[in-house]
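Colleague: Sequence and predicted structure, then a few things I'm wondering about:
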Amino acid sequence: MPLALLSVSDKTGLVEFAEGLRRLGWDLVSTGGTAKALRDAGVTVREVSDLTGFPEMLEGRVKTMHPAVHGALLARRDVAEQMAALSEMGIEPIALVAVNLYPFQTTAARQGVTPEEVIENIDIGGPSMLRSAAKNFGSVTVVVEPVDYTRVLAGLEANDDDLDLRRLLAEKVFAHTAAYDAAIAKWFACERNEDFPDRINFSLTRRQTLRYGENPGQRAAFYIEREGMGLAGLAQKGGKELSFNNLLDLEGALLTTDPFGSETCCAIVKHTTPCGLATGASPVEAYRKALACDPASAFGSVISFTVPVDAETAQAISSLFVECLVAPAFSVEALEILGRKKNLRVLEGRAAWGAHALDYKRVRGGLLLQERAAPAAELSGWTVVTKRAPGEEERKNLMFAWRAVGSVKSNAILLARDGATIGIGAGQMSRVDAAFLSVHKAKLAGHDTNGAVLGSDAFFPFRDGVDQAAEAGITAIVQPGGSVRDADVIAAADEHEIAMVFTGQRQFRH
C-alpha cells in the first residue's frame with residue numbers, strides 16, 4: 001500500500017480527500033489534530049509516532065522532524081543506493097504529502113493577540129515536510145492547498161503518473177512557504193517598529209489575469225496581498241471585467257476621496273488624477289458639482305463616492321459614459337438603474353489599507369518604498385503669511401482645496417469654490433503652467449474664477465504663479481511654503497491683496 005502523510009491546520013475537504021485515498025488502497029499516517037479529525041470521521045489512520053518510534057514532545061513543537069519522515073520523503077526512487085538505505089533503516093517511503101501550515105497570518109492579524117501566541121503559530125515541521133516533498137516531486141505528490149485535492153484524487157484514480165502536475169504542485173509549495181516566511185519576517189520588523197528592514201520579501205497572489213495591460217499587446221495580471229484587503233475588498237455588482245487601467249483609475253479615485261472620510265464627497269477621475277471633486281449635502285449634489293468642474297474630461301471616467309449611492313444619484317450618473325463606479329454601498333434601486341448600463345463596472349465596499357502599508361514605486365532593477373502620504377495638514381497648523389488673513393468662507397474653501405490637491409499629479413494647481421473644484425492644472429513641468437492650465441480649464445467649463453481660492457501641492461518657486469492667479473481673480477492661496485523666494489511670492493500676494501497661508505507640508509504626487 002502506498003503511504004500518504006496528512007497534517008493540516010485547514011481541514012477543508014480533508015475527510016473527503018482521506019476517504020478517497022483509502023478507497024484507492026492508500027495507507028494514511030497523520031499528526032495529532034488531523035489524526036483525531038479523521039478518526040472521528042471513521043477514517044483509518046496511523047500516528048506519525050508509529051513511523052518515527054518517537055512520541056510528540058514539547059507540546060507538539062516536535063513531532064515530524066525525524067529521518068523516518070524526511071528520509072521517506074527525500075529518498076530518490078531511481079537511486080538504488082538511497083532506496084536500500086531506507087530499507088536498511090526500516091523506513092517506509094512516503095508517496096504523498098498533504099500539509100498546510102499553522103495560521104500565522106490570521107493569528108498575527110487578530111485584535112489583542114500577544115507576541116507569545118503569534119510565535120507559537122510559526123510552523124516549523126510543516127514547511128520542512130513540504131520542502132522535502134517538493135524537492136522530490138519526481139516521486140512525491142505534495143499538496144499545500146485544499147483546492148487541489150480533487151484533481152490529485154482524479155489523477156490517482158486514473159492511474160495517471162502526471163509529472164507536470166507534481167512539478168506544478170511543488171512550485172506552489174515553494175511559493176507558499178516563501179510567502180509564509182515573508183509574513184513572519186514582516187511581523188518581526190513591525191514588532192520593532194521598523195518599516196524599512198534590511199530585506200523585504202514580497203508575497204502576492206494572482207487574483208486574475210487581465211485582457212491586456214495599459215495598451216493592447218501588453219500581457220497583464222492583478223496580484224493582491226490578501227483577499228478582502230484593498231481593491232480586493234470591493235465586490236463587483238455589475239459590468240464588464242475590470243481592466244488594468246480600470247484598476248489604476250480606481251486607486252486614483254479612492255485616493256482622491258480618502259481625505260474626506262465620511263463627509264459626502266464625489267471624485268471623478270481620468271488617468272488616475274481628478275478632473276472633478278466636490279462635497280455636498282447629498283451624493284447627487286456632490287456628483288453634479290464635481291461633474292461641473294470639467295464635464296468634457298469626465299467622459300469615460302471612474303467615479304468614487306464616500307457615501308452610499310441612492311437611486312437619484314444613479315439616475316444622474318447614468319446619463320454619462322462611465323467606466324467604473326465605486327461606493328461603500330448602493331441601494332437596490334440604484335443597482336437596478338446602473339445595471340441597465342451593461343458595460344458599467346459597479347464596485348461596492350471600502351478598500352481599506354492594511355496595517356503598516358507602504359507606497360511602492362517601480363524603477364529599473366528595484367523598488368522605491370516610502371510611507372504613505374500623511375493626511376492633509378489641518379487649519380490649526382497653518383501660518384498666515386500675508387497682510388490680509390483669509391475670511392471664514394475662504395478658509396473653508398482653502399481647507400477643501402488643500403485636501404483635494406494632494407491627489408492631483410504634480411505639478412498641481414487647483415481652483416476651488418463652495419466645496420468643489422472649478423479648475424485643475426495637473427502634471428505640468430512648471431508651476432506657472434499648472435496655474436495657467438487650472439484657470440484655462442475653469443473658463444473652458446464656464447466657471448467664473450473671480451473670488452475662488454487656489455491650492456498648490458508645493459511651493460511657488462517664483463511670483464509668476466501668484467500673478468497668474470491674481471489675473472484670474474483668485475482671492476486666497478494655500479501652499480506649503482519653503483521656497484528661497486518666499487519673500488517675493490508673499491510680496492506678490494500682498495500687492496494683489498491675496499490672502500496666503502503656508503501649511504509647511506508638501507503634497508507631491510509623481
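Modeller: Looks like it arrived, so ask away.

Colleague: residue ranges with poor pLDDT in this protein?
Modeller: Applying pLDDT under 70 to the chain flags residues 53, 57, 59-60, 63, 65.

Colleague: What segments of the stretch 1-150 of the chain are helices?
Modeller: Ranges of helices in the stretch 1-150 of the chain, per DSSP state H, counting those that start in this stretch, are 14-23, 32-40, 48-52, 67-74, 80-89, 104-109, 115-120, 125-135, 149-157.

Colleague: Please identify the most buried of those.
Modeller: helix 125-135 (a mean of 22; mean count of other CB atoms under 10 Å). To be clear about C-beta, it is placed using only N, CA and C from the backbone, and glycine gets the same treatment.

Colleague: now that one against helix 67-74, angle please.
Modeller: For helix 125-135 against helix 67-74, the angle by axes from the mean of the first three to the mean of the last three CA atoms, to 10 degrees is 30 degrees.

Colleague: what packs against helix 125-135?
Modeller: On a contact count with 3 or more CB pairs under 8 Å, 6 or more residues apart in numbering; DSSP states H and E, helix 125-135 meets strand 3-8, helix 67-74, strand 96-100, strand 141-143, helix 163-191.

Colleague: what sits up against that helix?
Modeller: 5, 7, 9, 62-65, 69-70, 73-74, 94, 97, 99-102, 140-142, 144, 169-170, 173-174, 176-177, 180-181 (CB atoms under 8 Å, 6 or more residues apart in numbering).

Colleague: Switch the helices and strands packed on helix 125-135 over to a markdown table; also include distance to residue 108.
Modeller: Output for the helices and strands packed on helix 125-135, formatted as a markdown table (distance: least, CB to CB, whole Å):
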| stretch | distance to residue 108 |
| --- | --- |
| strand 3-8 | 20 |
| helix 67-74 | 27 |
| strand 96-100 | 17 |
| strand 141-143 | 25 |
| helix 163-191 | 5 |
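
Colleague: Out of the ones you listed, which gets nearest to residue 497?
Modeller: Residue 497 sits nearest to helix 163-191 of all the helices and strands packed on helix 125-135, at 50.9 Å, using CB to CB.

Colleague: ok now the closest one, how far from the chain's centre?
Modeller: Remark: helix 163-191 is offset 19 Å from the chain centroid, using CA atoms, centre = their mean, to the nearest Å.

Colleague: Next, the angle helix 149-157 makes with that helix.
Modeller: Using the same axes, to 10 degrees: helix 163-191 against helix 149-157 is 150 degrees.

Colleague: and helix 163-191, which residues are buried?
Modeller: Judged by neighbour count using 16 or more other CB atoms under 10 Å, the buried positions of helix 163-191 are 165-166, 169-170, 172-173, 176-177, 179-180, 182-184, 186-187, 189.

Colleague: Show me what the helix or strand just after it is packed up against.
Modeller: Going down the chain from helix 163-191, the next helix or strand is strand 205-210, by DSSP states H and E. Strand 205-210 is packed against strand 220-224, with contacts defined by 3+ CB pairs under 8 Å, 6+ apart.

Colleague: For the helix or strand just after the strand it packs on, which outside residues touch it?
Modeller: Later in the chain than strand 220-224, the nearest helix or strand by DSSP H and E is strand 235-238. Residues from elsewhere that reach strand 235-238, judged by CB under 8 Å, 6+ apart: 242, 330, 335, 338, 339, 344, 345, 346, 347, 348, 349.

Colleague: would you turn the residues you listed into JSON lines with distance to residue 107 and secondary structure?
Modeller: Formatted as JSON lines, the contacts of strand 235-238 follow (distance: CB to CB, whole Å; DSSP: H, G, I helix; E, B strand; the rest coil):
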{"residue": "242", "distance to residue 107": "32", "secondary structure": "coil"}
{"residue": "330", "distance to residue 107": "35", "secondary structure": "strand"}
{"residue": "335", "distance to residue 107": "37", "secondary structure": "helix"}
{"residue": "338", "distance to residue 107": "40", "secondary structure": "helix"}
{"residue": "339", "distance to residue 107": "40", "secondary structure": "coil"}
{"residue": "344", "distance to residue 107": "40", "secondary structure": "coil"}
{"residue": "345", "distance to residue 107": "35", "secondary structure": "strand"}
{"residue": "346", "distance to residue 107": "35", "secondary structure": "strand"}
{"residue": "347", "distance to residue 107": "30", "secondary structure": "strand"}
{"residue": "348", "distance to residue 107": "29", "secondary structure": "strand"}
{"residue": "349", "distance to residue 107": "25", "secondary structure": "coil"}
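
Colleague: which residues of the stretch 201-350 of the chain fall in strands?
Modeller: Along the stretch 201-350 of the chain, counting by DSSP state E, counting those that start in this stretch, strands occupy 205-210, 220-224, 235-238, 265-270, 273-279, 301-305, 322-327, 345-348.

Colleague: Now mean neighbour count and distance to residue 42 too, for those strands, in JSON lines please.
Modeller: Listed next are the strands of the stretch 201-350 of the chain as JSON lines, based on neighbours: other CB atoms under 10 Å; distance: least, CB to CB, whole Å:
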{"stretch": "strand 205-210", "mean neighbour count": "13", "distance to residue 42": "35"}
{"stretch": "strand 220-224", "mean neighbour count": "15", "distance to residue 42": "39"}
{"stretch": "strand 235-238", "mean neighbour count": "15", "distance to residue 42": "39"}
{"stretch": "strand 265-270", "mean neighbour count": "28", "distance to residue 42": "57"}
{"stretch": "strand 273-279", "mean neighbour count": "27", "distance to residue 42": "62"}
{"stretch": "strand 301-305", "mean neighbour count": "27", "distance to residue 42": "53"}
{"stretch": "strand 322-327", "mean neighbour count": "25", "distance to residue 42": "49"}
{"stretch": "strand 345-348", "mean neighbour count": "22", "distance to residue 42": "43"}
